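Asks: please find the sequence and the predicted model below.
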Amino acid sequence: MKALSAHRLYLTAALTLPLVAVHGMAHADPVTEEDELALVYGTSDSVSIATGNLQALRRAPAVASVITAADIAAMGATDLDQVLESVPGVHVNRTPNSYSPLYVVRGIVSAYTPQILMLQNGVPITTAYVGNKGNIWGGYPVEHIARIEIIRGPGSALYGSDAFSGVINIITKGPGEAQGSEFGARAGSFGSYDGWVQHGGKIGPVEVAAYVRLGKTDGTDAIVDADAQTRNDTLFKTHASLAPGSLNNQLKAIDANLDLIYGQWRGRFGYKKRYDMGTGAGIASALDPVGRQRGERITGSLAWADPQFTRDWGLGASLSSQQYSQEVSTMYQLLPPGLTFPTGTFPNGMLGAPETFERIYRLSGFADYSGFNNHHVRIGAGHDDIELYRTTEHRNFNYAPNGTPIPLPAVIDTIGTSPFMLPQRRKVDYLYLQDEWNVAKDWNLTAGVRHDHYSDFGGTTNPRLALVWDASFDLTAKLLYGRAFRAPAFLESYGISNPVALGNPNLKPERNATTELSFAWQARTDATVNLTFYRYDMKNIIRTVANIIPGTGATYANTGDQKGRGVELESNWTVTRDLRLSGNYAWQRSTDQTTHTDAGYAPRHHAFGRADWAFASGYQAGSQLNWVAGRQRAFGDARPVIADYTTIDFTLATRNGRNQWNFALALRNAFNADVREPSPAPGLSLPHDLPMAPRALSLQASYKM
């Protein structure tokens, strides 16, 4: 690895030197009231996502981060995206299609970024169609989140497909975290309004937690100055483009959760609906002020667990389901009225309405055995039934052999003639084994392996090894290795009629192998420093490649490899009982092995810093800085590198107890930085990238009984 440049060395020193300096100083103001600090900041020193068992974060056999509800409140976050941007090695990009967030971990980014596994209460919320969390995402509220656990690096040995670059587990508030009743409301910039109520308590022997939230926004007023139709206008001498124009980010939202606990049984039910939702920068990267869509996700799970079924055995089982649909309420205007191709003119615009409906059922069970001396063994098995059971499409065009749209005199139903995809079904059976072995005093070895068998492409086996050494009372070192895979999404395997990206049923999974070396230093009782080095090697990357016959579009294929390496540094320091400082810095290089160029679009440098100050009586102020730099273009994209940016946010909030009002004021991007996320290569559709939200203000009020 090349030497760090001067400005990176300065940044590294800024994050670590204060902690080193205070290590030798007298502790003038000792923090002894740990319970009170926990009430202010929450506890984040344990994690369950690394092995399935709760354990100390610094000794967990993974590079993991934990963000608590108290952390979320302190940073004034109103959405999951704002929280994840604070995690070292994680950056939130966006796609033009529906303005959906892409969670880029350690430089691994693609059109839909399905390489990150999203869990809600330990259950995948992956969708079958494109393989990610779903394009009609529309944000994720944070009021009902108890904690978020994030693994950076492979997790397939436990979680199977998509735990490729990392795993994000959102744990919602249960009866223990949502005791009593709370209601709140928030208003903010861009016509944004939210209201919610949550309650935790008991009904007879049953513990109950419930949450309901309603929201709406008109969306950011960021301007796109050139779009896909701008280029068409240049080529065909027309004036149809709606650019310059604003993004179409309006939406309405409903979220609800119900959590029931009875003895060793737990039932969870979730509902997430986004409707009257705009198309971002357009489904085809052409501004679309009229298209409206809706997405609906219904989740349910029933789990039973007994960690002490017998003296040496713990058992558990769960059954979960997800129903997910992506529908069009007003037809997408893929390209605006007046556009002209050599095949003809579209006086009403190029219109389309593809819809997908899917359901997923998951059955799993595990057994823990601790009867062997110095060993904790877990064995688990499961079955997934993944079905895209219905597709529909209406459009006013067909395709010429070379892929150029041909206008039709009216909108037609294409499912019976040229469907974009037929219903598909996939079944997965898996078995995994994990052993946590206390090799010697202060040495622990976690070894695991999982085999997944897919009904459509066969099997894949993925191991992991993690050696954890408590080198001293204040220093822990970890050496980690793991392999991961990502199964092809249904769109990649079975797409039919879109010549721009035809499916390929012969696709194999993407593969990734990662090695990590990590150090956790307890610099003082109130200060920590974590340092991680990593390398990864991706194989069989799924991309579109041009068809053999020129001018006939492209097909998905396993092509190309990517290698990456990086460093992540993070530190936290509770200076006094009233002041906490935290920060992190991530550096990465990801190289496309086919072109030997930067893989593109992920920040080479990413730094985040935060200060929280509790003052007066029941007041807290915070500020945070987010610096994103060094984003290169992918091969074939001749545009200049993406501009760096720095945003600064401020929060002011009350921290009163029960039966009192609390208020929070948040100012994001306070100095109105011009923030842009990269549009896909070669940049002909959105040449000046995708603008992010300008300065935004929100005011929140809540009352807890």
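Replies: The structure has been received and is ready for your questions. Numbering: from 1, shown residues only.

Asks: helix, strand or coil for L235?
Replies: Secondary structure state of L235, per DSSP: H, G, I helix; E, B strand; the rest coil, is helix.

Asks: which intervals of the chain have sub-threshold pLDDT?
Replies: 1-44, 548-552 (pLDDT under 70).

Asks: where along the stretch 251-400 of the chain do the strands fall?
Replies: For the stretch 251-400 of the chain, the strands defined by DSSP state E, counting those that start in this stretch occupy 251-262, 265-277, 292-306, 313-330, 332-335, 339-341, 344-346, 350-369, 375-399.

Asks: for F372, grab phi and psi.
Replies: phi -80, psi 140 (degrees, to the nearest 10).

Asks: distance of it from R266?
Replies: F372 sits 29 Å away from R266, taking CB to CB, to the nearest Å as the criterion. Using the backbone N, CA and C atoms, a C-beta is placed for each residue, glycine as well.

Asks: the two: who's more crowded?
Replies: Each of F372 and R266 has its neighbours counted (other CB atoms under 10 Å); R266 has more, 19 against 11.

Asks: ok, P289 - how many residues close by?
Replies: Using other CB under 10 Å, P289 has 15 neighbouring residues.

Asks: touching, it and L242? I think so.
Replies: Yes. P289 is in contact with L242 according to CB atoms under 8 Å; the separation is 6.8 Å.

Asks: would you turn the strands of the stretch 251-400 of the chain into CSV with distance to A653?
Replies: Shown next, in CSV, are those (distance: least, CB to CB, whole Å):
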stretch, distance to A653
strand 251-262, 22
strand 265-277, 26
strand 292-306, 31
strand 313-330, 35
strand 332-335, 40
strand 339-341, 49
strand 344-346, 51
strand 350-369, 39
strand 375-399, 41
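
Asks: most tightly surrounded among these?
Replies: strand 332-335 (a mean of 26; mean count of other CB atoms under 10 Å).

Asks: packing partners for it?
Replies: Helices and strands touching strand 332-335, by 3 or more CB pairs under 8 Å, 6 or more residues apart in numbering; DSSP states H and E, are helix 228-236, strand 350-369.

Asks: parallel or antiparallel, which strands does that strand pair with?
Replies: Sheet pairing of strand 332-335 (DSSP bridges) gives strand 350-369 (antiparallel).

Asks: pretty sure P419 sits in a helix.
Replies: No. If the criterion is three-state DSSP, then P419 is coil and not within a helix.

Asks: for stretch 596-603, measure first residue to last.
Replies: Counting by CA to CA, to the nearest Å, you get 18 Å between the two ends of stretch 596-603.

Asks: buried ones in it, by neighbour count?
Replies: 598-603 (16 or more other CB atoms under 10 Å).

Asks: same thing with stretch 451-463?
Replies: 452, 454, 456-457, 460, 462-463.

Asks: re the thing from before, out of the strands of the stretch 251-400 of the chain, nearest to D233?
Replies: Closest of the strands of the stretch 251-400 of the chain to D233 is strand 339-341, at 8.1 Å (criterion: CB to CB).

Asks: pretty sure T95 is touching W137, no?
Replies: No. Between T95 and W137 there is no contact under CB under 8 Å: 9.9 Å.

Asks: turn the buried residues of stretch 451-463 into CSV, including distance to T230 and secondary structure.
Replies: Converted to CSV, the buried residues of stretch 451-463 look like this (distance: CB to CB, whole Å; DSSP: H, G, I helix; E, B strand; the rest coil):
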residue, distance to T230, secondary structure
D452, 45, strand
Y454, 42, strand
D456, 40, coil
F457, 40, coil
T460, 43, strand
N462, 45, strand
P463, 50, strand
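
Asks: widest-spaced pair of these?
Replies: The most widely separated members of the buried residues of stretch 451-463 are D456 and P463, with 23.4 Å between them, by CB to CB.

Asks: how about the strands of the stretch 451-600 of the chain, start to end?
Replies: Taking DSSP E, counting those that start in this stretch as the criterion, the stretch 451-600 of the chain contains strands spanning 458-472, 475-486, 510-524, 527-539, 542-546, 554-558, 562-576, 579-592, 597-598.

Asks: redo the helices and strands packed on strand 332-335 as TSV? Include distance to L339.
Replies: Below are the helices and strands packed on strand 332-335 laid out as TSV (distance: least, CB to CB, whole Å):
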stretch	distance to L339
helix 228-236	6
strand 350-369	6
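
Asks: out of those, the one nearest D79 is which?
Replies: Of the helices and strands packed on strand 332-335, nearest to D79 by CB to CB is strand 350-369, at 24.7 Å.

Asks: only alpha carbons, please: show the closest one as PDB.
Replies: C-alpha atoms of strand 350-369 as PDB (Å, rounded to 0.1, in the frame of the first residue of the first chain):
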ATOM      1  CA  MET A 350     -42.700   6.900 -24.100                       C
ATOM      2  CA  LEU A 351     -45.000   5.300 -21.500                       C
ATOM      3  CA  GLY A 352     -44.500   2.200 -19.400                       C
ATOM      4  CA  ALA A 353     -45.900   0.500 -16.300                       C
ATOM      5  CA  PRO A 354     -44.000  -2.700 -15.300                       C
ATOM      6  CA  GLU A 355     -45.200  -4.300 -12.000                       C
ATOM      7  CA  THR A 356     -43.900  -7.200  -9.900                       C
ATOM      8  CA  PHE A 357     -45.500  -9.100  -7.000                       C
ATOM      9  CA  GLU A 358     -43.400 -11.600  -4.900                       C
ATOM     10  CA  ARG A 359     -43.600 -13.600  -1.700                       C
ATOM     11  CA  ILE A 360     -40.900 -15.200   0.300                       C
ATOM     12  CA  TYR A 361     -41.200 -17.800   3.100                       C
ATOM     13  CA  ARG A 362     -38.300 -18.800   5.300                       C
ATOM     14  CA  LEU A 363     -38.100 -21.600   7.800                       C
ATOM     15  CA  SER A 364     -35.000 -22.100  10.000                       C
ATOM     16  CA  GLY A 365     -33.800 -23.700  13.100                       C
ATOM     17  CA  PHE A 366     -30.600 -23.900  15.200                       C
ATOM     18  CA  ALA A 367     -29.100 -25.800  18.100                       C
ATOM     19  CA  ASP A 368     -26.300 -24.500  20.400                       C
ATOM     20  CA  TYR A 369     -24.200 -27.000  22.300                       C
END
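
Asks: next up, the contacts around the closest residue to D561 other than its chain neighbours.
Replies: Excluding the flanking residues, the one nearest D561 by CB to CB, 6 or more residues apart in numbering is Q593, at 4.1 Å. If you count contacts by CB atoms under 8 Å, 6 or more residues apart in numbering, Q593 has them with 560-563.

Asks: which residues in the stretch 51-200 of the chain form strands?
Replies: Secondary structure of the stretch 51-200 of the chain (DSSP E, counting those that start in this stretch): strands located at 55-56, 64-68, 90-94, 101-105, 116-120, 123-124, 145-152, 166-172, 180-188, 192-203.

Asks: closest to L363 out of those strands?
Replies: Between the strands of the stretch 51-200 of the chain, strand 123-124 lies closest to L363; by CB to CB that is 11.5 Å.

Asks: so which residues make contact with the closest one?
Replies: Under the criterion CB under 8 Å, 6+ apart, residues 117-118, 159, 162, 299, 301, 318, 320, 322, 362 lie in contact with strand 123-124.

Asks: in the sheet, which strands lie alongside that strand, parallel or antiparallel?
Replies: Counting by DSSP bridges, strand 123-124 is paired with strand 116-120 (antiparallel).

Asks: now do the partner strand against strand 313-330, angle only.
Replies: Interaxial angle of strand 116-120 relative to strand 313-330 (axes from the mean of the first three to the mean of the last three CA atoms, to 10 degrees): 100 degrees.

Asks: look up how far Y534 lies from T356.
Replies: For T356, the distance to Y534 (CB to CB) stands at 36 Å.

Asks: again, but for M118
Replies: Taken as CB to CB, the span from M118 to Y534 is 21 Å.

Asks: cool, and L569?
Replies: For L569, the distance to Y534 (CB to CB) stands at 12 Å.

Asks: G278 now?
Replies: Using CB to CB, one gets 38 Å for the distance from G278 to Y534.

Asks: more neighbours: the two, which one.
Replies: The neighbour comparison of G278 against Y534 (other CB under 10 Å) goes to G278, with 25 against 21.
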